[in-house]
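A.B. asks: no FASTA, just this:
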């Protein structure tokens, strides 16, 4: 027990030394040295790393003068149904593979779960719930950005955007997230797919309108950690990403699923321009866009299940009319 007490004292001294070192680097805005310290600590002492990154996030990384802390940034690709992200993701991976641009593509939940698995910190349970996401989303994302060095991080997600009541915690932060794509689809179409998937009207309705107030998990690979996402209902999810303030702050671009089939070239060109405006050092290459479209026709999902008037009414009663008007969805 004396040994445990001694180790505890030594760890405390180490932590305080590193915190003081970090504070000095923050005061002098030595961004490169801050990242080196964090990366070294993440390799050597994950417990101290947890406290350092948490401290950095609180003291510095959300401040306007820390905009250049992370050279690589987050681009979020988001949709209510995660597989609606796949066409855009496939295009971007193809496009970047033709350039020298450094990038990382992953799923939001899977990437965080894998990182947590590697760190094995005692501060997190095996299931990451919404309250953990509110408190630690900046820790999760910044830890991923650190690992990718110069590479931009493209993450697919089906979380709704959130901000905490006191407006101190957000799902993503302006200093590290430079753009997002919100891919939306007609809620009746989604309901039709869900009805077919579950062979159950009520379950489809629960899913679309989040009547059971449940979190979702888009993870393909659950080993030790499961990261749950706060998707909410289709209505809340859409409103959160279409909020003018969120669109402006995080440089959002909303894309209707139908646009991929009706105006493929125009939409994909717009996507590249959007990333250039957000600060990515890439060029527009029309030949690469044409090559991708030629090899990858966008196949719209078939709209198969019949929807009764009663079901339509149940859906429209749970959806804000203005959202449907803004997205030009006939319901």
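C.D. replies: It's in. Quick caveat: nothing in here was measured; it's all calculated off a predicted structure. Residues are numbered from 1 along each chain as shown.
A.B. asks: the strands in the stretch 201-331 of the chain, which residues?
C.D. replies: 226-227, 252-256 (DSSP state E, counting those that start in this stretch).
A.B. asks: how about these in a markdown table, adding distance to residue 298?
C.D. replies: All C-beta spots, glycine's among them, are computed from the backbone N, C-alpha and C. A markdown table is the format used below for these (distance: least, Cβ to Cβ, whole Å):
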| stretch | distance to residue 298 |
| --- | --- |
| strand 226-227 | 29 |
| strand 252-256 | 11 |
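A.B. asks: check contacts around the nearest residue in space to residue 286 that is not next to it in sequence.
C.D. replies: Excluding the flanking residues, the one nearest residue 286 by Cβ to Cβ, 6 or more residues apart in numbering is residue 269, at 7.2 Å. Counting by Cβ atoms under 8 Å, 6 or more residues apart in numbering, residue 269 touches 284, 286, 289.
A.B. asks: highest neighbour count among these?
C.D. replies: residue 289 (21 neighbours; other Cβ atoms under 10 Å).
A.B. asks: which residues of the stretch 201-331 of the chain score low on pLDDT?
C.D. replies: Within the stretch 201-331 of the chain, the segments meeting pLDDT under 70 span 303-305.
A.B. asks: same thing but at 80, please
C.D. replies: For the stretch 201-331 of the chain, the stretches flagged by pLDDT under 80 are 218, 221-222, 301-306, 330-331.
A.B. asks: quick one: residue 40 from residue 116, how far?
C.D. replies: 20 Å (Cβ to Cβ, to the nearest Å).
A.B. asks: burial check on the closest residue to residue 68 other than its chain neighbours, number of neighbours?
C.D. replies: Nearest non-adjacent residue to residue 68, counting by Cβ to Cβ, 6+ apart: residue 31, 6.0 Å away. Neighbour count of residue 31, defined by other Cβ under 10 Å: 18.
A.B. asks: Provide the backbone phi and psi angles at residue 31.
C.D. replies: The phi and psi values for residue 31, taken as degrees, to the nearest 10, are phi -60, psi -40.
A.B. asks: thought it was touching residue 69?
C.D. replies: Yes: counting by Cβ atoms under 8 Å, residue 69 is a contact partner of residue 31 at 5.0 Å.
A.B. asks: still on that earlier bit, neighbour count winner among residue 40 and residue 116?
C.D. replies: Taking other Cβ under 10 Å, residue 40 and residue 116 do not tie; residue 116 has more neighbours (21 against 12).
A.B. asks: check which helix or strand covers that one.
C.D. replies: helix 108-119 (DSSP states H and E).
A.B. asks: so which bits of that helix are buried?
C.D. replies: Of the residues in helix 108-119, those buried by neighbour count under the rule 16 or more other Cβ atoms under 10 Å are 108, 109, 110, 111, 112, 113, 114, 115, 116, 119.
A.B. asks: ok, the very next helix or strand once past it: who's next to it in the sheet?
C.D. replies: Using DSSP H and E, the next helix or strand after helix 108-119 towards the C-terminus is strand 127-128. Sheet pairing of strand 127-128 (DSSP bridges) gives strand 226-227 (parallel).
A.B. asks: now the top helix by length along the chain: average pLDDT?
C.D. replies: Determined from DSSP state H, the single longest helix within the chain is helix 2-27. The average pLDDT within helix 2-27 is 88.
A.B. asks: for that helix, packing partners?
C.D. replies: helix 31-44, helix 46-56 (3 or more Cβ pairs under 8 Å, 6 or more residues apart in numbering; DSSP states H and E).
A.B. asks: could I get those as CSV with mean pLDDT and distance to residue 214?
C.D. replies: Listed next are those as CSV, based on pLDDT from 0 to 100; distance: least, Cβ to Cβ, whole Å:
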stretch, mean pLDDT, distance to residue 214
helix 31-44, 96, 33
helix 46-56, 96, 29
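A.B. asks: okay, these in a markdown table with distance to residue 260 next?
C.D. replies: Below are the helices and strands packed on helix 2-27 laid out as a markdown table (distance: least, Cβ to Cβ, whole Å):
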| stretch | distance to residue 260 |
| --- | --- |
| helix 31-44 | 37 |
| helix 46-56 | 37 |
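A.B. asks: spatially nearest residue to residue 203 (excluding sequence neighbours)?
C.D. replies: Per Cβ to Cβ, 6+ apart, closest to residue 203 is residue 194, 7.4 Å.
A.B. asks: circling back to that earlier point, contacts for the helix holding residue 116, please.
C.D. replies: Residues contacting helix 108-119 (Cβ under 8 Å, 6+ apart): 42, 46, 49-50, 76, 124, 128, 140, 143-144, 147, 153, 155-157, 159, 217-229.
A.B. asks: tell me who's in contact with the nearest residue to residue 299 once chain neighbours are set aside.
C.D. replies: Nearest residue to residue 299, sequence neighbours excluded (Cβ to Cβ, 6+ apart): residue 261, at 7.7 Å. Contacts for residue 261 (Cβ under 8 Å, 6+ apart) come out as 298, 299, 300.
A.B. asks: for residue 248, state which of the residues you listed is nearest.
C.D. replies: residue 298 (28.4 Å; Cβ to Cβ).
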